[in-house]
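Enquirer: only the shape, not the letters, is given here:
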């Protein structure tokens with residue numbers, strides 16, 4: 001019998017998850033999470049490389065020197081807890097209650113970290129001479145500005161031509177039961193900060209002023225009513241949403257001199273940064289605005305719609321649960337957007353996401369054992385004999 005099927009494995013997964021939750025690793029502080037993982041991985045023969053960029057701690061751990069390289073990507077940082085008195089249990093106590101482990105980061109994503117470490121321990125014991133290499137890319141900057149985390153590690157790996165072939169990101173992908181949804185791609189994200197310039201004046205004398213709010217409003221209406229594309233088989237149509245708008249001096253009788261608008265695109269593979277920028281500028285120019293615009297490129301869309309990793313993952317979930325998983329590109333962005341452009345096959349598989357970033361975040365304890373088994377069988381399907 002494989003080591004992954006033992007009752008001890010389930011207990012070890014829960015215990016490691018609890019230990020990780022008890023480290024209050026709010027972005028970008030790793031606390032002792034990565035050292036805790038590194039100690040266990042070192043015992044398996046992994047070489048541990050700590051990459052610290054500014055305030056962010058990253059870990060690149062690798063066992064083996066051959067290809068293919070199977071990488072697990074994840075993060076040890078968590079979002080702030082919010083009012084701790086509103087939690088049923090202290091947010092970093094990792095209380096086991098009613099079949100759940102409660103705590104900030106339980107589902108996003110310390111449960112996944114624990115499950116993968118235990119899966120790796122079992123796999124190395126069962127397949128000591130496995131093919132290729134196993135790697136971990138772990139950051140403490142995923143929930144923050146994502147400047148000094150995964151993207152910097154990837155830059156370092158690319159500079160020395162160290163390639164990832166298959167990457168599982170441990171984000172909480174599941175909806176109702178663990179493994180029911182796998183993310184096999186993500187939409188791109190592009191943010192625009194628009195400043196529309198006018199001429200300040202008295203509201204009673206509009207002919208002596210130019211109201212930038214009025215100018216911006218007509219352009220925003222045009223932007224919001226534009227059909228950017230129709231999407232495709234894997235992605236819904238690209239969307240644009242205004243997230244912030246501000247104009248005015250606070251006085252009720254003053255036409256402001258500027259209006260500031262922030263809007264974001266979530267876009268499919270039918271678009272690029274350049275195509276969206278060109279369309280926006282065309283619409284703004286058609287409305288004869290006096291404006292400046294700054295762009296933030298948050299990530300391109302990616303899609304792993306076939307290949308070894310998708311087949312290995314769907315097969316692993318079927319083996320463990322008997323269900324046929326749903327492949328999805330829904331939701332926000334993930335660090336997979338930094339890894340996929342290198343040519344790696346990327347999917348996301350993790351716990352149920354119903355309570356992530358919420359008061360009383362929690363993960364079903366039994367799901368962690370199931371997730372560890374899924375990760376184990378993905379390793380078997382990609383690197384086994």
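Expert: Right, received. Where do you want to start? Computed from a predicted structure; not experimentally measured. Numbers count the residues shown, from 1 in each chain.
Enquirer: ok, residues contacting whichever strand or helix holds residue 155?
Expert: Counting by DSSP states H and E, the element that carries residue 155 is helix 150-159. For helix 150-159, the surrounding residues in contact (Cβ atoms under 8 Å, 6 or more residues apart in numbering) are 51, 53, 56, 58, 60, 73, 75, 137, 139, 141-142, 163-164, 335, 338-339, 342. Quick note: C-beta positions are derived from backbone N, CA and C, even for glycine.
Enquirer: and after it, which helix or strand comes next?
Expert: Per DSSP H and E, the first helix or strand lying C-terminal to helix 150-159 is strand 166-169.
Enquirer: tell me how far that following strand lies from the chain's centre.
Expert: 12 Å (Cα atoms, centre = their mean, to the nearest Å).
Enquirer: buried ones in stretch 206-224?
Expert: Residues 209, 210, 211, 212, 213, 215, 216, 217, 219, 220, 223 are the ones in stretch 206-224 that count as buried (16 or more other Cβ atoms under 10 Å).
Enquirer: please narrow those residues to those residing in helices.
Expert: Judged by DSSP state H, the subset of the buried residues of stretch 206-224 located in helices is 212, 213, 215, 216, 217, 219, 220, 223.
Enquirer: re earlier: which of the contacts of helix 150-159 are buried, as a ChimeraX select command?
Expert: This is the ChimeraX syntax for the buried subset of these, where burial follows 16+ other Cβ under 10 Å:
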select :51,53,56,58,60,73,75,137,139,141,142,164,335,338,339
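Enquirer: does the closest residue to residue 88 other than its chain neighbours belong to a helix, a strand or coil?
Expert: Of all residues not flanking residue 88 in the chain, residue 360 sits nearest, at 5.4 Å (Cβ to Cβ, 6 or more residues apart in numbering). Put simply, residue 360 is coil when judged by DSSP: H, G, I helix; E, B strand; the rest coil.
Enquirer: pretty sure residue 360 is touching residue 101, no?
Expert: No: with contact defined as Cβ atoms under 8 Å, residue 360 does not reach residue 101; the gap is 11.6 Å.
Enquirer: these two: who's more crowded?
Expert: Using other Cβ atoms under 10 Å as the criterion, residue 360 and residue 101 rank with residue 101 on top: 26 against 16.
Enquirer: hmm, that one is touching residue 17, no?
Expert: Yes: Residue 101 lies in contact with residue 17 (Cβ under 8 Å); the separation is 5.8 Å.
Enquirer: shared neighbours of the two, anything?
Expert: 94, 111, 363, 368.
Enquirer: got the end-to-end distance for stretch 177-190?
Expert: 32 Å (Cα to Cα, to the nearest Å).
Enquirer: now do the buried residues in that stretch.
Expert: Buried residues in stretch 177-190, counted by 16+ other Cβ under 10 Å: 178-190.
Enquirer: also stretch 87-104?
Expert: Neighbour counts over stretch 87-104 (16+ other Cβ under 10 Å) mark 87, 89, 91-96, 100-104 as buried.
Enquirer: not counting it itself, show me its contacts.
Expert: Stretch 87-104 is contacted from outside by 14, 17-19, 21-24, 78-79, 81, 84, 106, 110-111, 359-366, 368, using Cβ under 8 Å, 6+ apart.
Enquirer: just the ones of those residues in strands?
Expert: Within these, residues falling in strands by DSSP state E are 362, 363, 364.
Enquirer: for the residues you listed, pick the one with the most neighbours.
Expert: Neighbour max across those (other Cβ under 10 Å) = residue 363, 34 neighbours.
Enquirer: so the spatially most central residue of the chain, which state does it fall into?
Expert: By Cα atoms, centre = their mean, the chain has its centre lying nearest to residue 334, at 2.1 Å. With three-state DSSP as the basis, residue 334 sits in coil.
Enquirer: surely it touches residue 183?
Expert: Yes: Residue 334 is within contact range of residue 183, at 7.4 Å (criterion: Cβ under 8 Å).
Enquirer: overlap of the contact sets of the two?
Expert: With Cβ under 8 Å, 6+ apart as the test, residue 334 and residue 183 both reach 169, 171, 348.
Enquirer: state the distance from residue 207 to residue 201.
Expert: Here residue 207 is placed at a distance of 9 Å from residue 201 (Cβ to Cβ, to the nearest Å).
Enquirer: kindly apply the preceding question to residue 30 instead.
Expert: Going from residue 30 to residue 201 by Cβ to Cβ gives 53 Å.
Enquirer: mind listing what the nearest residue to residue 14 once chain neighbours are set aside touches?
Expert: Spatial nearest neighbour of residue 14, excluding adjacent residues (Cβ to Cβ, 6+ apart): residue 365 at 5.3 Å. Residue 365 is in contact with 14, 96, 99, 100, 101, counting by Cβ under 8 Å, 6+ apart.
Enquirer: so which of the residues you listed sit within helices?
Expert: Per DSSP H, the contacts of residue 365 map to helices at residue 14.
Enquirer: next step: the contacts of residue 365 restricted to strands.
Expert: The strands, defined by DSSP E, take in 96, 100, 101 from the contacts of residue 365.
Enquirer: pretty sure residue 316 is in a strand, no?
Expert: No: Residue 316 is assigned helix when assessed by three-state DSSP, not a strand.
Enquirer: isn't it up against residue 371?
Expert: No: taking contacts as Cβ under 8 Å, residue 316 lies outside contact range of residue 371: 10.4 Å.
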